[in-house]
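**Q** Build me a model from this:
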Amino acid sequence: MRSFACSAYCILENYGIISSWQGKLDRRNSVFQAEILAIRMAIEADSSLHRPIKIWSDSLSSLMAIFNPKSHHSMVREIQTFLLSQKRIHLRWLKAHVGYLGNECTSQLDKEAITKGDPFLLPKPLSYLKSEIKSAALSIWQDNWDNGETGRSTHDIVPRASNKPAGWNREEIMFVTGHGPFPSYLHRFNIRTNDNCSCGEKGDPIHYATKCRFTLSWHFQTPTVPLKLQWLKNILTNYLSRTRLRLLMRFVSDENNLIVEDNN
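**A** Predicted structure coming up:
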């Protein structure tokens, strides 16, 4: 589980820390929120010093947001408004983890904030909401996929619902799903009166890949029933087998009149 998002700053004068602050946000808050909060708290603390101040941060994304006049982030807008009224406070960027005293002190305070930081409540970021919606949608999708009545052969090969494509091309999808110019598929929708291949056997993808005399050039070894699933997975994970499968499916599509039994 993700740890708490922590926030901290320190004020240096003559190489000594004269003030510091540590805050601990909810683990559902973002790192960006923690960085922006540290800058805002530092600005509030520096405003009481009544002299020119430079605030250094290694968070380039936070500084870019603050320098963007079109930003809609509420805390960024607060900082922008404050900086307009406090001309003596300047923000600067520095590279992280290169030995700058102030940055190293702040990094240490940030680590300690998990146990020592003041609890700070901020609204959850939009990224968290998107993540929760995505997670809920995937959960519903997975439940539907597990308990559906269609696509069971595909479910055996791809059991997990995911936004990432399986990486199959058109021909491979035809073979796995059985959705294509196959008599077995067309017969299901009464497009054909029977599901036979021209050779007399049931015309499904496995038939054309292992038995049909018209597709001998692309045949695979016929799998046993218990090993059929592993056989399919092996084909789809082997480059040469996938190439042969694509050629087979293209032949079935292009020469459909030859390999499909007359519909009369």
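
**Q** From now on I want contacts and neighbour counts done on CA atoms only, so please keep to that.
**A** Noted.

**Q** Not including adjacent chain positions, what is the nearest residue to Ser57?
**A** Trp93 (5.1 Å; C-alpha to C-alpha, 6 or more residues apart in numbering).

**Q** again, but for Lys233
**A** Leaving out its chain neighbours, the residue that sits closest to Lys233 by C-alpha to C-alpha, 6+ apart is Ile157, at 6.7 Å.

**Q** got it, and Val176?
**A** Thr154 (6.2 Å).

**Q** and that neighbour, how far is that from Pro69?
**A** 50 Å (C-alpha to C-alpha, to the nearest Å).

**Q** More neighbours: which of these two?
**A** Per other C-alpha atoms under 10 Å, whichever of Thr154 and Pro69 has more neighbours is Thr154, with 15 against 11.

**Q** Which helix or strand contains the more buried one?
**A** Element membership for Thr154, per DSSP states H and E: helix 152-157.

**Q** do the same with Ile55
**A** strand 53-57.

**Q** swap in Gln22?
**A** strand 16-24.

**Q** Can I get that strand in PDB? Just the C-alpha atoms.
**A** Taking Å, rounded to 0.1, in the frame of the first residue of the first chain, the C-alpha atoms of strand 16-24 are listed here in PDB:
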ATOM      1  CA  GLY A  16      21.400  27.300  10.100                       C
ATOM      2  CA  ILE A  17      17.700  26.300  10.400                       C
ATOM      3  CA  ILE A  18      15.700  29.000  12.000                       C
ATOM      4  CA  SER A  19      12.300  27.500  11.300                       C
ATOM      5  CA  SER A  20      10.700  24.400   9.800                       C
ATOM      6  CA  TRP A  21       7.400  22.600   9.300                       C
ATOM      7  CA  GLN A  22       6.300  19.100   8.600                       C
ATOM      8  CA  GLY A  23       2.900  17.900   7.300                       C
ATOM      9  CA  LYS A  24       1.400  14.500   6.700                       C
END
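
**Q** And the helix ranked longest in the chain, what's buried?
**A** For the chain, the longest helix by residue count, based on DSSP state H, is helix 126-147. By neighbour count on 16 or more other C-alpha atoms under 10 Å, the buried set for helix 126-147 is 138, 142, 145-146.

**Q** before we move on, the earlier item: which residues touch the residue nearest to Ser57?
**A** 56-60, 63 (C-alpha atoms under 8 Å, 6 or more residues apart in numbering).

**Q** Filter those down to the buried ones, ChimeraX style.
**A** Restricted to buried positions by 16+ other C-alpha under 10 Å, the ChimeraX selection for these reads:
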select :56,57,59,63
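
**Q** quick one: which of the buried residues of helix 126-147 is nearest Cys197?
**A** Closest approach to Cys197 among the buried residues of helix 126-147 (C-alpha to C-alpha): Trp145, at 31.1 Å.

**Q** in terms of contact, does the closest one touch Ser153 like I think?
**A** No. Trp145 sits out of contact with Ser153 when judged by C-alpha atoms under 8 Å, with a separation of 11.6 Å.

**Q** before we move on, back to that, which elements pack onto the helix holding Thr154?
**A** helix 170-177, helix 228-237 (3 or more C-alpha pairs under 8 Å, 6 or more residues apart in numbering; DSSP states H and E).

**Q** buried sites along the last one?
**A** For helix 228-237, a neighbour-count test (16+ other C-alpha under 10 Å) marks 231-232, 235-236 as buried.

**Q** what do you get for the first one?
**A** Using 16+ other C-alpha under 10 Å as the burial criterion, the residues of helix 170-177 that qualify are 171-177.

**Q** Show me where the stretch 1-150 of the chain has its helices.
**A** Under the criterion DSSP state H, counting those that start in this stretch, the stretch 1-150 of the chain contains helices at 31-46, 60-66, 74-85, 101-116, 126-147.

**Q** Redo the ones you listed as TSV? Include mean pLDDT and distance to Arg246.
**A** Shown next, in TSV, are these (pLDDT from 0 to 100; distance: least, C-alpha to C-alpha, whole Å):
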stretch	mean pLDDT	distance to Arg246
helix 31-46	91	47
helix 60-66	94	46
helix 74-85	92	54
helix 101-116	83	55
helix 126-147	94	26
